[in-house]
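K.L.:
return a 3D structure for these sequence lines:
(3 chains)
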Amino acid sequence: MKSADEMFLWNCWYAAAWDHEIGVGQKLARTYLEKPVLIYRGESGNYVALDDRCCHRAAPLSMGRVEGDCIRCMYHGMKYDADGVCIEIPGQEHIGSTHRVRRYPLVEKGHLLWIWMGDPDLANPDDILDYEPLSDERWTGLPEQAYMHYDANWMLIVDNLADFSHLAFVHTNTLGGSEEYAYVSTAQEVDQLERGFRFVRWHKDSAPPPYHQKVSPEGGARVDRRNDVRMLVPGVFFMETTFAPVGWDPDSGDFNGVRQYRNCQYMTPETRSTSHFFWNYLRDFRHDEPEVSISLRDSLLEGFMEDKVLIEAQQKLLEIEDPFQPRFLQADAAFSHFRQTMQKLINEERKSWPPASKPIRNQIL
Amino acid sequence: MKSADEMFLWNCWYAAAWDHEIGVGQKLARTYLEKPVLIYRGESGNYVALDDRCCHRAAPLSMGRVEGDCIRCMYHGMKYDADGVCIEIPGQEHIGSTHRVRRYPLVEKGHLLWIWMGDPDLANPDDILDYEPLSDERWTGLPEQAYMHYDANWMLIVDNLADFSHLAFVHTNTLGGSEEYAYVSTAQEVDQLERGFRFVRWHKDSAPPPYHQKVSPEGGARVDRRNDVRMLVPGVFFMETTFAPVGWDPDSGDFNGVRQYRNCQYMTPETRSTSHFFWNYLRDFRHDEPEVSISLRDSLLEGFMEDKVLIEAQQKLLEIEDPFQPRFLQADAAFSHFRQTMQKLINEERKSWPPASKPIRNQIL
Amino acid sequence: MKSADEMFLWNCWYAAAWDHEIGVGQKLARTYLEKPVLIYRGESGNYVALDDRCCHRAAPLSMGRVEGDCIRCMYHGMKYDADGVCIEIPGQEHIGSTHRVRRYPLVEKGHLLWIWMGDPDLANPDDILDYEPLSDERWTGLPEQAYMHYDANWMLIVDNLADFSHLAFVHTNTLGGSEEYAYVSTAQEVDQLERGFRFVRWHKDSAPPPYHQKVSPEGGARVDRRNDVRMLVPGVFFMETTFAPVGWDPDSGDFNGVRQYRNCQYMTPETRSTSHFFWNYLRDFRHDEPEVSISLRDSLLEGFMEDKVLIEAQQKLLEIEDPFQPRFLQADAAFSHFRQTMQKLINEERKSWPPASKPIRNQIL
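P.N.:
Below is the predicted model:
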């Protein structure tokens, strides 16, 4: 079995949590890349991410107490500052230089908290893949930023999003609209990006899918539908969706009768076989109508559950001992490029980091 | 740990399902010998068994849709015929010769579906161990062909059936009737067959066991009981049970006051630690009385649950790290021969099949 | 991974059960040091501990039947005497010398049953760490001797008990009384014993902790509190707790206004990751008031559940692949000595016992 070191790309930003998940003085225990992490928000409002194991005996700091911007382990009372440095040991004067826990760079940007699990010296917040619509008043999102947990490797979710023909069969009556979609929608041309891919997929002169129909009943029986998709390392998905009158020219500048969505999805490995999944779905119409947000939330959730059931079944079938050799389709160009890109980055990273060293023997158990 | 290749005998027919489990247009996902299998029944009425993993991304075909005699994967819409050959890829013209899934030989015979997990070229339906009473009007069975799932290796169930002295202690008040049975019933002589064993065990001048007493109250307070048992590779059990007036001569041709049962049990490995168990219990009397079928079903089920609890506990005790060295009894002659026979067949099979090859690396996870 | 042989100290007495857990004719199935054991009490009143696996096919003897001082396996009826020797095989005359199961030395002493999992020739009941207050009328205990099951390695419970500063943070409102305790209670001096440690910890002129306050409300708002603690191989904990008027001199012989407790706790490995935990808490006051016993039971249970939640979380964090290197505190002197002592004893034991031998291959599964 691969070690966690080999499984994941370490030196990049991962979506860790929505900001609303952690209020001032609150804590969240969450695992990323098979490492247990405590995230808390100090009284100053700052977010902090630390190894969730007290350096003394591995007691969970997430069972500890937020004190100002510090966290106190509630086993023997060791207190750590926001850098993970121990600043108090009850009953002991001396504090050693190794009395500390690992701090992970954590940045709040556009309502998401982003964590860097690799070499902290390489962490540059400018590299965060911020999605502007999340912070832009012209776009109205779901009632709440959404989270799902997957019992599947995150790359299976990436695969899912890399080939939209699955809309026809998995989401026929929800997000897709028809099986026809897989056959007749304009063949996609995949742009191979340095750290991902992009494609545009048209479905012209077609019935709008149920999720859109419900919130846009006056949009007509036939529409042109355009999905403009980007997937970026390590698992960040952005999509622009446009429903327009049949025959619409996107270069015309005429947005009369056009309705648009902006969708972001973030796949972050929890372990090699489980994932965090964050998402929102924003629109440029009917802004002040909460029932539209609710309808879209329910439609998307219904559709995403269709994916989840299938992907988790896929995970189980890939975990059994009987080896499986995949056969490729033309539509796999996007995710094949993405997987190759990821593997190349992982290989490069492994050359220099983490440094070759014998694993530390667990000295407690 | 042994690989699945070494654990099981591959080139033989296994009981896979009762025919009533899969109606026309229906599907069943079931694992045999640690391999996931889809069984479905096409609109022509034919049964088909395929690898349950779509060749593209291992999505379960059992979540797919039966179309005529074909199955369509409901992930990206690939359609397979009854041979497992892909005949349609939505949005793609070309279909490669490797776009197929493994088909397993599957034959319906005597209300059972039989599957062949090994080399398909060696599969000969004439080798199926059909049990005639299942298709013979002179015998009336349970209200429904029965199935149980065991959290135990199938050979532990075989062991159980190879020594009837367990009737005395496990089934005292159900199928056995008395502890005396273990002490006084005629010592069995075991016929060592090429692919199994046979023995006859008499219990003369004894009280009939409760399960028979309930449906045959007029049979007398004392009976001669005769069990004629066969066990055959890989785990097929047939038993003829006769209750006759005390002193009855089986060669007399006189069946006055004699009542008989026919019992079949099929043990099929799901994994090395779980099993499928199919069975029926047929009688030659009170044919048109459904309450007799129900009484026998309930009695047998009660008895088989007594076995199941014990055998599953045995499985747990054999799985722990502490090694166990069994001590043999004289009564073990039957199952010792059976286990040796199985091991010899597995060893022979391993010489030529499957061909030595490096396992295919799982290219997805 | 370490084998069970390397994990545990074998040649010592372990607390196995309270005597009230097994009445005459009753049975208990319990695992110690990863070995399944049946304990039963024969009709003579004697307790017997045997390997829980019938020597024939590993059926659980704990599903068997107590007959006099013997146990009968209820699979094929083999009967074992209290030495684990098979004395009857139904239907078979000859009984071989290997038709036996392992007997483990088991001794009842002071309401506890003690088991010896190692070389029976070395088992000397005089080595049992009997706790006199359990059998002494001057001490009144809980309504019933108490048991808890831990999903954690037993040494994590030992660690917990080796540093009382955790009372301040884990048990602030139950057994501890204040966080101050960790800062101001007299620094402990640890006596390194040959097979354990001892320390005395004073907390002078302090508010009595809630558990004591509830049953001793007239004891005053401030007290001197003294804990005298011993921990002994393999995981036996004895504590004398004294609450006295502020300024009390323990050498004065004056016990006016003084109230004392006696506490025993026994940690016995079930497996490397789960433990048995036995305990009682006795007092020298208000003997005939059952509500005091109940109050103390509830308080202690509340406190021990605080430990259990934390220790089980610690276990999970120590089981993940990410290696953990503990950082030591001054207060770790006690458990560091204890762990070194245990490791030394295990190393010594491994030199001569068990004899180097290839593990017996499991011949059933």
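K.L.:
surely residue A:158 touches residue A:336?
P.N.:
No: judged on Cβ atoms under 8 Å, residue A:158 makes no contact with residue A:336 at a distance of 11.5 Å. Where you see a C-beta, it was placed from the backbone N, CA and C, and this is true even at glycine.
K.L.:
which of those two has more residues huddled nearby?
P.N.:
Here residue A:158 and residue A:336 are compared on neighbour count by other Cβ atoms under 10 Å in any protein chain shown; more neighbours surround residue A:158, at 24 against 17.
K.L.:
next, that one: secondary structure please.
P.N.:
helix (DSSP: H, G, I helix; E, B strand; the rest coil).
K.L.:
for it, which non-adjacent residue is closest in space?
P.N.:
Nearest-residue entry for residue A:158: residue A:235, 5.3 Å, with adjacent residues in sequence omitted and distances by Cβ to Cβ, 6 or more residues apart in numbering or on different chains.
K.L.:
distance check, the one you found against chain C.
P.N.:
Noted for residue A:235: a distance of 21 Å to chain C, by Cβ to the nearest Cβ, to the nearest Å.
K.L.:
wait, that residue sits on residue A:270?
P.N.:
No: Residue A:235 lies out of contact with residue A:270 (Cβ under 8 Å); the separation is 12.0 Å.
K.L.:
so the two - more neighbours on which side?
P.N.:
Under the neighbour definition other Cβ under 10 Å, residue A:235 and residue A:270 were set side by side, and residue A:235 has more, 26 against 20.
K.L.:
domain-wise, how is chain A divided?
P.N.:
Listed domain ranges for chain A are A:9-126, A:131-346 (source: automatic domain parsing).
K.L.:
could you dump those domains to a markdown table with distance to residue B:188 and mean pLDDT?
P.N.:
Shown next, in a markdown table, are these (distance: least, Cβ to Cβ, whole Å; pLDDT from 0 to 100):
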| stretch | distance to residue B:188 | mean pLDDT |
| --- | --- | --- |
| domain A:9-126 | 56 | 97 |
| domain A:131-346 | 39 | 95 |
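K.L.:
of those, which is nearest residue C:189?
P.N.:
Proximity to residue C:189 (Cβ to Cβ) singles out domain A:9-126 among those, at 13.3 Å.
K.L.:
show the end-to-end separation of that closest one, please.
P.N.:
Domain A:9-126 has an end-to-end distance of 18 Å (criterion: Cα to Cα, to the nearest Å).
K.L.:
does it come close to chain C?
P.N.:
Yes: applying Cβ under 8 Å from any Cβ of the partner chain, one finds domain A:9-126 in contact with chain C at A:34-36, A:52-53, A:55-60, A:63, A:72-77, A:89-92, A:94, A:96, A:98-99.
K.L.:
next, the contact list for the residue in the stretch 101-250 of chain A that chain C sits nearest to, please.
P.N.:
Chain C sits closest to residue A:101 of the stretch 101-250 of chain A, with a gap of 9.3 Å, by Cβ to the nearest Cβ. Applying Cβ atoms under 8 Å, 6 or more residues apart in numbering or on different chains, we find residue A:101 in contact with A:50, A:51, A:53, A:54, A:55, A:61, A:80, A:84, A:86.
K.L.:
just the residues you listed now: which is nearest residue C:167?
P.N.:
residue A:54 (16.9 Å).
K.L.:
what is the burial count for that closest one?
P.N.:
30.
K.L.:
what about the helices in the stretch 51-200 of chain A?
P.N.:
Secondary structure of the stretch 51-200 of chain A, counting by DSSP state H, counting those that start in this stretch: helices at A:154-162, A:166-170, A:180-184.
K.L.:
distance from the longest one to the middle of the chain?
P.N.:
If I follow you right, that is helix A:154-162. In terms of Cα atoms, centre = their mean, to the nearest Å, the centre of helix A:154-162 is set 11 Å apart from its chain centre.
K.L.:
then it to PDB, C-alphas only?
P.N.:
Taking C-alpha atoms only, helix A:154-162 is exported to PDB below (Å, rounded to 0.1, in the frame of the first residue of the first chain):
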ATOM      1  CA  TRP A 154     -11.400  12.500  -3.900                       C
ATOM      2  CA  MET A 155     -10.100  11.700  -7.400                       C
ATOM      3  CA  LEU A 156     -13.300   9.700  -8.100                       C
ATOM      4  CA  ILE A 157     -15.200  12.900  -7.600                       C
ATOM      5  CA  VAL A 158     -12.800  14.800  -9.900                       C
ATOM      6  CA  ASP A 159     -13.300  12.000 -12.500                       C
ATOM      7  CA  ASN A 160     -17.000  12.400 -12.200                       C
ATOM      8  CA  LEU A 161     -16.900  16.100 -12.900                       C
ATOM      9  CA  ALA A 162     -14.500  15.700 -15.800                       C
END
